[in-house]
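Trainee: how would this look folded up:
(one chain, ligands or ions: 1)
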Amino acid sequence: MSNQDQEYDPRMPYQLPFPLDAQEEIVVPNAATSDERIWVPQTETVSFRPLCLNRSQGYWMNLLRVRQSGVLSRHRHPQGVHGFVLKGRWHYLEHDWVAEEGGYVYEPPGETHTLVVPDDVKEMITYFQVNGMMVYVDPYGKVTGYEDVFTKIEMCRKHYEEVGLGADYVDQFIR
Ligand code: FE
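Mentor: Predicted coordinates:
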């Protein structure tokens, strides 16, 4: 510690203004248990809850919730993905490990895998950071669809409009 540091109370906050162009922070209390309307349905049993939709850097942070066992999707990642399992359990057909509650997973660029939720799991919730895009493919890599931060934002707008929160409800999660 330098002499200069010792002059200050350790609880003294940073005294200078933040950069003028810095964006606002996002704070989401009870992210996994809040108002059901905030969960955006993808299918009847799969939904996601946006946390940060980063259109300037092209990634999104969200909670993925699955309430049915079985194959969820087969997809390729051009960029890395980080996942933290909050509830339940899942695995990929292409790997022998299982992502379990409390566990962390890194999916490197170039992965193509098929997400499966086992039969005895009633509800799975995983916090994912997805960078760039998810490319949906058939077993031989033929592209069948994609998602990126912009398709996510569009889904949110449409859903929030429909449930009465208003299309601009999603704005608080966009950076
Ligand atoms: Fe994946």
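Trainee: what bridges to the most centrally placed residue in the chain?
Mentor: Taking CA atoms, centre = their mean, the centroid of the chain lies closest to Asn62, which sits 2.3 Å from it. As for beta bridges, Asn62 partners with Pro50, Phe128 under DSSP bridges.
Trainee: check Glu147 too.
Mentor: Met134.
Trainee: surely it meets Ile153?
Mentor: No - counting by CB atoms under 8 Å, Glu147 stays clear of Ile153, with 10.7 Å between them. (C-beta placed from N, C-alpha, C; glycine too.)
Trainee: all strands in this protein, in order from the N-terminus.
Mentor: Under the criterion DSSP state E, strands of the chain are mapped to 40-41, 46-54, 59-66, 70-76, 81-87, 89-92, 98-100, 104-107, 112-117, 124-131, 133-137, 143-148.
Trainee: out of those strands, which gets the lowest mean score?
Mentor: Across the strands of the chain, strand 70-76 has the smallest mean pLDDT, namely a mean of 91.
Trainee: and the contacts of that strand?
Mentor: For strand 70-76, contacts defined as CB atoms under 8 Å, 6 or more residues apart in numbering pick out 46, 66, 90, 93, 110-117, 134-139, 141.
Trainee: over to stretch 149-167?
Mentor: In contact with stretch 149-167 (CB under 8 Å, 6+ apart) are residues 37-38, 40-42, 48, 50, 53-55, 58-60, 62, 168-170, 173-174.
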